[in-house]
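*Asks:* what shape does this take:
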Amino acid sequence: MRKGGFFYMFKSKNKLLLFVVSAFILVLAACGEDDKASDSNSDSAKTDYGVDFVSILTGGTQGTYYPLGGTFADLITTDTGVKATAEVSQASAANMTALDAGDGEVAFVQTDIAYYATQGTLMFEGQKLDSIVALGALYPETIQLVVLKDSGIKTYEDLKGKKVSVGAPGSGTFANAEQLLEIHGLTMDDIKAQNLDFGESTDGLQTGQIDAAFITAGYPTGAVEALNATNGVYIIPVEAAKADELIAKYPYYAVDNIPSGTYGLESDIPAVSVGAMLAVKKDLSEDLVYAMTKAIYDNTDKISHAKGAFIKAETGLDGIGIDVHPGAQKYFDEVNK
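*Replies:* Numbers count the residues shown, from 1 in each chain. Predicted coordinates for the structure are as follows:
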């Protein structure tokens, strides 16, 4: 080959290589611009809910609210991108006061307590809370009067003169205890009332410091299960006639039943319940509450707690006696057409 031909081929190959490299760089640049545009579009598509963090007020660690609250927080965080956390609290009545004060955005509460709070009655006398509305109903909360299996206490009448945990004054449990005692012809003066929470109540039963404890929670309740594992427990029944009398006077109660096998019970125990629900701040955006409601009720199959079986979109407004947030109402209207 001639010398000039060699250099011609060399220069031609260099030009081709330069062309290929230049084209590759242009393609990469174009892809980079597309990625930037895609990221920009993705960022602009994110919903601005007006908050970056949601605090869910629950209850004690040994109750039902706290573990469920943790699950709900995970669902909300995953589905909405808003960081949600479950906070330990003093439960129903305290949750309503804290929610009204701005110490949380969502709260577990009994349906009866939510009603008292928004009406300004009973423990909320003169303190009507107008800043709180409902997100949705959850499950029945059974009023469980727990004693040790070998205590000899079998009826409400047997409580006279006994040390009985009735929850903190102003709590949902306290109101339930007072009303059930009333229906059975008793008052707080007939017992030695002790103001203990779930954990303290079961500890007190185990050590013999108290004789019985009112616990309002979805069964099976962790603290009661733990006590049964070491000591064995019995739940004092509410007979049908007394349940009817209670409901006639306080219509937010419902007939309930604790099935045999729960806490090792040998037979079903007739009981009564109120409802558990979620309350939210009225001023949260409609989009946010809609998204949170959807995150919970569209994913009930991801709730591992036994009470998850009761949480359904079709019953999401059952038993609620207060106004519903427009965002939650929008969700339930869509799914329950």
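
*Asks:* can you list the domains in the protein?
*Replies:* 1-39, 53-139+276-335, 141-274 (automatic domain parsing).

*Asks:* residue 334 should be in a helix, yeah?
*Replies:* Yes - assessed with DSSP: H, G, I helix; E, B strand; the rest coil, residue 334 lies in a helix.

*Asks:* which residues does residue 143 form a beta bridge with?
*Replies:* Assessed by DSSP bridges, residue 143 has beta-bridge partners residue 216.

*Asks:* you'd agree it is up against residue 180?
*Replies:* Yes - using C-beta atoms under 8 Å as the test, residue 143 is close enough to residue 180 to be in contact (6.3 Å). To be clear about C-beta, it is placed using only N, CA and C from the backbone, and glycine gets the same treatment.

*Asks:* next, show the common contact partners of these two.
*Replies:* 214, 238, 272 (C-beta atoms under 8 Å, 6 or more residues apart in numbering).

*Asks:* before we move on, back to that, in JSON lines, list the domains of the chain along with mean pLDDT, distance to residue 47 and mean neighbour count.
*Replies:* Converted to JSON lines, the domains of the chain look like this (pLDDT from 0 to 100; distance: least, C-beta to C-beta, whole Å; neighbours: other C-beta atoms under 10 Å):
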{"stretch": "domain 1-39", "mean pLDDT": "46", "distance to residue 47": "17", "mean neighbour count": "10"}
{"stretch": "domain 53-139+276-335", "mean pLDDT": "94", "distance to residue 47": "6", "mean neighbour count": "20"}
{"stretch": "domain 141-274", "mean pLDDT": "93", "distance to residue 47": "32", "mean neighbour count": "19"}
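
*Asks:* tell me how far the residue nearest to the spatial centre of the chain lies from residue 267.
*Replies:* Centre of the chain computed as the mean C-alpha position; nearest residue by C-alpha atoms, centre = their mean is residue 69, 4.3 Å away. As judged by C-beta to C-beta, to the nearest Å, residue 69 and residue 267 stand 32 Å apart.

*Asks:* ditto for residue 91
*Replies:* Distance from residue 91 to residue 267, by C-beta to C-beta: 30 Å.

*Asks:* sec struct for residue 214, please.
*Replies:* Put simply, residue 214 is strand when judged by three-state DSSP.

*Asks:* residue 167 is in contact with that one, correct?
*Replies:* Yes - between residue 214 and residue 167 there is a contact under C-beta under 8 Å: 6.2 Å.

*Asks:* now do the shared contacts for those two.
*Replies:* Common contacts of residue 214 and residue 167 (C-beta under 8 Å, 6+ apart): 173, 176-177.

*Asks:* quick one: which of the residues you listed is nearest residue 156?
*Replies:* Set against residue 156, the nearest of the shared contacts of residue 214 and residue 167 by C-beta to C-beta is residue 177 (10.6 Å).

*Asks:* show me where the stretch 51-200 of the chain has strands.
*Replies:* 53-57, 83-87, 106-110, 132-148, 163-165, 192-194 (DSSP state E, counting those that start in this stretch).

*Asks:* now do the third one against strand 53-57, angle only.
*Replies:* What it means is strand 106-110. 20 degrees (axes from the mean of the first three to the mean of the last three C-alpha atoms, to 10 degrees).

*Asks:* and strand 106-110, which strands flank it?
*Replies:* Strand pairing for strand 106-110, determined by DSSP bridges: strand 53-57 (parallel), strand 269-281 (antiparallel).

*Asks:* mind listing residues that contact that strand?
*Replies:* Here strand 106-110 has contacts from 54-59, 65, 68-69, 72, 84, 89, 91-92, 95-96, 98-99, 117, 135, 138, 141, 172, 216, 274-281, 292, using C-beta under 8 Å, 6+ apart.

*Asks:* what do you get for the second one?
*Replies:* Strand 83-87 is contacted by residues 52-58, 66, 69-70, 72-74, 76-77, 104, 106, 292 when judged by C-beta under 8 Å, 6+ apart.

*Asks:* separation between the nearest residue to residue 116 once chain neighbours are set aside and residue 207?
*Replies:* Spatial nearest neighbour of residue 116, excluding adjacent residues (C-beta to C-beta, 6 or more residues apart in numbering): residue 122 at 4.6 Å. Distance of residue 122 to residue 207, computed by C-beta to C-beta: 32 Å.

*Asks:* likewise residue 80?
*Replies:* Taking C-beta to C-beta, one finds residue 80 at 44 Å from residue 207.

*Asks:* next, the contact list for residue 265, please.
*Replies:* Counting by C-beta under 8 Å, 6+ apart, residue 265 has contacts 234-235, 258-259.
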